[in-house]
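J.: turn this into a model:
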Amino acid sequence: MIYLDSSATTRPSPGAIQAVTHALTEDWFNPSALYYPALEAHRRMEECRQKILNALNAREHRVIFTPGGTYANNLAFFGSVRQDRKSAFVAVTAVEHPSVLACAQRLEADGAKAVYLPVSASGSVSLDAVRQALKDGAQLISVMQVNNETGAINPIPDIVRLRDEMNPSCLFHVDGVQGFLREEISLRGVDMYSVSAHKIHALKGTGALVVSKRVHLKPLIYGGGQESGLVSGTENTPGIIAFGAAIDELLADASLRERMLELKTLLKAEITRLTPWARVNSPENGAAHILNISFPGVNSETLLHALEEDGIYVGNGSACSAKERKGSRVLKAMGLGDRIAQSALRFSLCRFTTREEIVSAALKVSEKAEMLVKYQRR
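T.: All right, here's what the predicted structure looks like:
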């Protein structure tokens, strides 16, 4: 098997598996209870909270554990829009993850104002559009750190500067699910930052929202008051402990980004050498682990399944909307036509990807694409 869909999810690492096994056999107690074993489980959960803050150098923030990145994004939106939704004004990029776009659309359906910021041909947000939204009085701006389909990196420091100059009261949320521990970021001026454990070799069902001290959130659900009253329900202690172990492993891998960038560059070079008619959609300065390529004339889902026959697993867009079959809305927002959008595959790497896998995958991709395009030209 060659797995190149790490933006959808990652294989749990040995450290995460060991940590969750220990949590299930030793630290399985309810972390809200008062006896020693429960307090020990709570301590390990707090260690993960601190690891996230340390990894982001976020001394002026706090960590709220959530059931995943989607919940974190929803909490950022609906937890911060405290006033009557009809008077709210939010701005998001046109290429956000479905869990952010759906929040903006829900607020808009409730009577709020929502604007969808255009992106450049390279996939990053237009700073002129951000400037206009701030000038018009946006109360919340949400921009992803790394685009999950193309790997485009947004200029977070520039947006912070604009916000501070033009509209300091506007909250700034960053969806960091695809960037956390793979691309550098400063949270100076970032009010909320979403992360997800299963994108970095921990477990599904665990995430967090990193929140600055100036943000006063309200909960989405009510109950036992866990996570400072913001996410009621017994915490996913095994998932959180595994999250902490995965963070330790990635931080210890000092050459991770350099290695993934080298492999991505090799994959791009091999595919375009073997298949000169393929089109690279990812920007040159994009994230090290994501490569988006179109094979015009070949349906992306058909090619995806052809590769699956040889044990090669890739993506054709956001895993949360991969079954829509409408072509990538992200690529369309970048100004690319249906022919390109409907023939795009996403290759996403991780710390376990090898050079041998990349060379083998590139050859198979070329063979399958050439075969399918010839067949469809008949």
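J.: for residue 37, see how far away residue 28 is.
T.: According to C-beta to C-beta, to the nearest Å, residue 28 and residue 37 sit 9 Å apart. C-beta here means a position set from N, CA and C on the backbone, and glycine is covered the same way.
J.: and the strands in the stretch 251-378 of the chain?
T.: 279-280, 290-294, 312-313, 344-348 (DSSP state E, counting those that start in this stretch).
J.: reformat these as a markdown table; add mean pLDDT, distance to residue 41 and mean neighbour count.
T.: A markdown table is the format used below for these (pLDDT from 0 to 100; distance: least, C-beta to C-beta, whole Å; neighbours: other C-beta atoms under 10 Å):
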| stretch | mean pLDDT | distance to residue 41 | mean neighbour count |
| --- | --- | --- | --- |
| strand 279-280 | 98 | 47 | 16 |
| strand 290-294 | 98 | 35 | 25 |
| strand 312-313 | 98 | 35 | 18 |
| strand 344-348 | 98 | 33 | 27 |
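J.: among these, which is nearest residue 87?
T.: Ranking these by their distance to residue 87 (criterion: C-beta to C-beta) puts strand 290-294 first, at 37.5 Å.
J.: tell me what the closest one is packed against?
T.: helix 256-274, strand 279-280, strand 344-348 (3 or more C-beta pairs under 8 Å, 6 or more residues apart in numbering; DSSP states H and E).
J.: please identify the most buried of the ones you listed.
T.: strand 344-348 (a mean of 27; mean count of other C-beta atoms under 10 Å).
J.: ramachandran angles for residue 93?
T.: phi -80, psi 160 (degrees, to the nearest 10).
J.: whoops, I mixed them up, residue 196
T.: Main-chain torsions, residue 196, degrees, to the nearest 10: phi -140, psi 130.
J.: contacting residues for it?
T.: Residues near residue 196 by C-beta atoms under 8 Å, 6 or more residues apart in numbering: 68-69, 72, 177, 180, 206-207.
J.: care to break the chain down by domain?
T.: Following automatic domain parsing, the chain resolves into domains at 2-9+255-377, 14-252.
J.: give me the below-cutoff pLDDT ranges for the chain.
T.: 83, 318-325, 376-378 (pLDDT under 70).
J.: against which helices or strands is whichever helix in the chain runs longest packed?
T.: Among the segments of the chain that qualify as a helix by DSSP state H, the longest is helix 355-377. When contacts are defined as 3+ C-beta pairs under 8 Å, 6+ apart, helix 355-377 sits against strand 2-3, helix 256-274, helix 300-308, strand 312-313.
J.: list the buried residues in that helix.
T.: Of all the residues in helix 355-377, those buried under the rule 16 or more other C-beta atoms under 10 Å are 357-358, 360-362, 364-366, 368-369, 372-373.
J.: tilt between that helix and strand 344-348?
T.: 170 degrees (axes from the mean of the first three to the mean of the last three C-alpha atoms, to 10 degrees).
J.: so what does residue 36 look like in phi/psi?
T.: phi -60, psi -50.
J.: what residues are up against the spatially closest residue to residue 267 that is not a sequence neighbour?
T.: Closest residue to residue 267 apart from its sequence neighbours, by C-beta to C-beta, 6 or more residues apart in numbering: residue 358 at 4.9 Å. The contact partners of residue 358, by C-beta under 8 Å, 6+ apart, come to 263, 266-267, 270.
J.: and which of those residues is nearest residue 61?
T.: residue 263 (32.4 Å).
J.: quick one, what contacts that closest one?
T.: 349, 353-355, 358.
J.: now it: closest residue in space, sequence neighbours ignored.
T.: That would be residue 358: by C-beta to C-beta, 6+ apart, it lies 5.1 Å from residue 263.
J.: please name the residues that touch residue 161.
T.: With contact taken as C-beta under 8 Å, 6+ apart, residue 161 is in contact with residue 189.
J.: I'd like the next helix or strand past the helix or strand it falls within.
T.: Following DSSP states H and E, one finds residue 161 within helix 156-166. Using DSSP H and E, the helix or strand that follows helix 156-166 in sequence is strand 171-175.
J.: give me the residues contacting that next one.
T.: For strand 171-175, the surrounding residues in contact (C-beta under 8 Å, 6+ apart) are 69, 73, 76-77, 80, 96-97, 99-100, 139-145, 156, 159-160, 163, 185, 189-194, 215.
J.: so which of these sit within helices?
T.: Per DSSP H, the subset of these in helices is 69, 73, 76-77, 80, 99-100, 156, 159-160, 163.
J.: buried among the contacts of strand 171-175? Make that a PyMOL selection.
T.: Listed next is the PyMOL selection for buried residues among the contacts of strand 171-175, using 16+ other C-beta under 10 Å:
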select buried, resi 69+73+76+77+80+96+97+99+100+139+140+141+142+143+144+145+156+159+160+163+185+190+191+192+193+194+215
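J.: thinking again about what came up before, dump the helices and strands packed on helix 355-377 to a markdown table, plus distance to residue 151.
T.: Formatted as a markdown table, these follow (distance: least, C-beta to C-beta, whole Å):
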| stretch | distance to residue 151 |
| --- | --- |
| strand 2-3 | 17 |
| helix 256-274 | 8 |
| helix 300-308 | 17 |
| strand 312-313 | 18 |
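J.: residue 227 is nearest to which of the ones you listed?
T.: The closest of the helices and strands packed on helix 355-377 to residue 227 is helix 256-274. By C-beta to C-beta, the value is 29.5 Å.
J.: strand 344-348 and that closest one, what's the angle between them?
T.: Using the same axes, to 10 degrees: helix 256-274 against strand 344-348 is 150 degrees.
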